[in-house]
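S.K.: no sequence on this one, just coordinates:
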């Protein structure tokens with residue numbers, strides 16, 4: 001076993017060096033999501049009476065519990081754990097799966113792992129180094145959260161920080177198994193991401209049906225375990241035994257699978273071609289490669305729209321006469337009435353999440369190129385623009401589709417008839433120009449500087465962070481304007497649709513896309 005771990009330290013140092021930009025960004029986002037909440041919550045629910053009313057409202061509103069979970073205490077620390085714990089756990093899980101898959105299956109897919117294994121590198125060293133890198137990231141995020149909330153209570157801060165870190169490690173172990181089962185990094189990330197989504201859905205379904213978090217569905221989900229740690233509300237330290245047992249079992253399974261396959265092989269082989277008939281063109285091939293992802297995003301956005309639309313009346317009840325909450329929602333969604341402002345806020349949030357889809361879809365070009373699958377195609381009678389155009393059509397057309405479905409879901413969930421559905425669809429489609437700007441920037445980075453194309457994720461994440469946290473922190477408008485979403489009209493509810501920002505952003509997206517395609521034509525393919 002000792003020989004099988006040879007070189008682990010060297011691979012760990014290499015992983016940390018390669019992730020020296022990505023990892024700090026992820027850690028900062030996870031910690032900032034939690035640490036930005038206490039001041040905002042204190043300004044909104046500054047008195048015990050206001051916090052008591054919040055608890056009463058949450059106990060009777062299943063839609064809001066499905067999104068945020070139940071509230072277990074009326075202190076600012078308990079409200080922070082309620083408002084940000086689950087979402088921080090999801091982000092920690094995504095961070096972990098990216099790290100683990102990047103340093104396991106992606107290394108095998110590009111052929112670098114085979115070269116490394118020809119030296120003094122043990123069979124299980126890459127997997128161990130990847131898990132240790134994920135442990136480092138989750139440990140630092142947990143430490144930042146604990147230190148930042150220590151003034152609210154050392155026990156609660158430690159419980160919340162450790163809970164977020166433990167959730168991240170649980171999904172890191174799941175990603176390690178997915179990396180052994182699948183034959184590509186894309187499939188491994190998709191499988192691990194689907195498991196995170198399933199965990200969120202199970203927790204949401206359980207919390208919607210039970211005010212105290214006692215539903216069996218909540219206990220099935222690791223995100224439900226994070227809730228049941230009950231930070232700042234009579235902490236349940238024994239829940240960490242569940243995390244430890246689950247991580248140990250999954251890591252053992254990943255090690256067992258890693259020892260039973262050759263490098264580059266998988267337990268779930270890909271289905272081969274044929275690329276003939278309707279699949280013969282590069283556009284059809286791009287559709288085949290990305291259709292699974294697009295279908296998954298489409299179903300998720302439709303379901304999210306229905307859920308958010310159904311929450312509108314509950315959100316109005318939750319705001320009540322709380323002026324600070326009303327101010328935050330109106331700053332995010334406009335001043336056209338609390339219901340319309342809430343719908344506009346949800347439409348904007350879905351738009352910012354759609355930016356993650358378009359970046360993922362555009363950067364599929366980078367994956368095809370670095371995986372040396374683009375070169376054989378381009379060696380035939382297929383031009384670079386035609387090859388790239390297929391993937392870009394899926395990315396830009398797919399973003400329009402998922403936002404259309406999100407608008408349909410919002411309108412159906414809100415239940416205001418055809419007029420309400422049309423207004424909701426208009427609100428979500430109004431997010432497209434900003435989404436396309438971020439997608440076009442990703443295309444420009446891929447075309448001009450493929451080594452730095454991954455920074456498009458930071459742009460999309462920054463826009464999401466500004467839109468989510470900025471209004472609650474009362475950041476200056478100049479800072480919020482750094483995001484293209486800040487320039488969009490607040491729909492539904494706006495008295496007159498402002499076409500100028502929509503047209504300007506669309507023109508900017510077209511210019512960036514044209515520049516990216518021009519750069520792609522002129523440069524050499526990545527080695």
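M.R.: That came through fine. For clarity, every value in this text was computed on a predicted model and none was experimentally measured. Residues are numbered from 1 along each chain as shown.

S.K.: mind listing what residue 152 touches?
M.R.: Residues in contact with residue 152, defined by Cβ atoms under 8 Å, 6 or more residues apart in numbering, are 38, 75-77, 80, 232. Any C-beta I mention is one placed from the backbone N, CA and C, and that applies to glycine too.

S.K.: where are the low-confidence patches of the stretch 101-250 of the chain?
M.R.: Regions of the stretch 101-250 of the chain meeting the criterion pLDDT under 70 cover residues 113-114, 116-119, 211-213.

S.K.: ok, which stretches of it are helices?
M.R.: For the stretch 101-250 of the chain, the helices identified by DSSP state H, counting those that start in this stretch occupy 105-109, 112-117, 125-149, 154-181, 185-209, 216-220, 222-228, 239-258, in order along the chain.

S.K.: Can you say which of those is nearest to residue 301?
M.R.: Each of those has some distance to residue 301 by Cβ to Cβ; the shortest is helix 185-209, at 11.8 Å.

S.K.: Return the set of buried residues in the closest one.
M.R.: Residues of helix 185-209 classed as buried under the neighbour-count rule (16 or more other Cβ atoms under 10 Å) are 185-193, 195-197, 199-208.

S.K.: And stretch 241-251, by the same measure?
M.R.: In stretch 241-251, counting by 16+ other Cβ under 10 Å, buried: 242-243, 246-247, 250-251.

S.K.: again, but for stretch 480-487
M.R.: Result for stretch 480-487 [16+ other Cβ under 10 Å]: buried residues 480, 483-487.

S.K.: same deal with stretch 425-444?
M.R.: In stretch 425-444, residues buried by neighbour count (16+ other Cβ under 10 Å) are 425-444.

S.K.: how about residue 406, what does it touch?
M.R.: 301-302, 304-305, 347, 350, 354, 428.

S.K.: Figure out which of the helices of the stretch 101-250 of the chain is closest to residue 292.
M.R.: Closest approach to residue 292 among the helices of the stretch 101-250 of the chain is made by helix 185-209 (7.0 Å; Cβ to Cβ).

S.K.: now that closest one and helix 154-181, what's the angle there?
M.R.: With axes from the mean of the first three to the mean of the last three Cα atoms, to 10 degrees applied, the angle from helix 185-209 to helix 154-181 works out at 140 degrees.

S.K.: elements contacting helix 185-209?
M.R.: With contacts defined as 3 or more Cβ pairs under 8 Å, 6 or more residues apart in numbering; DSSP states H and E, the packing partners of helix 185-209 are helix 62-68, helix 76-102, helix 105-109, helix 154-181, helix 216-220, helix 222-228, helix 282-310, helix 364-370.

S.K.: need those in JSON lines with mean neighbour count and distance to residue 389, can you?
M.R.: Putting the helices and strands packed on helix 185-209 into JSON lines (neighbours: other Cβ atoms under 10 Å; distance: least, Cβ to Cβ, whole Å) gives the following:
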{"stretch": "helix 62-68", "mean neighbour count": "20", "distance to residue 389": "38"}
{"stretch": "helix 76-102", "mean neighbour count": "26", "distance to residue 389": "27"}
{"stretch": "helix 105-109", "mean neighbour count": "24", "distance to residue 389": "24"}
{"stretch": "helix 154-181", "mean neighbour count": "26", "distance to residue 389": "31"}
{"stretch": "helix 216-220", "mean neighbour count": "17", "distance to residue 389": "43"}
{"stretch": "helix 222-228", "mean neighbour count": "25", "distance to residue 389": "39"}
{"stretch": "helix 282-310", "mean neighbour count": "19", "distance to residue 389": "7"}
{"stretch": "helix 364-370", "mean neighbour count": "20", "distance to residue 389": "10"}
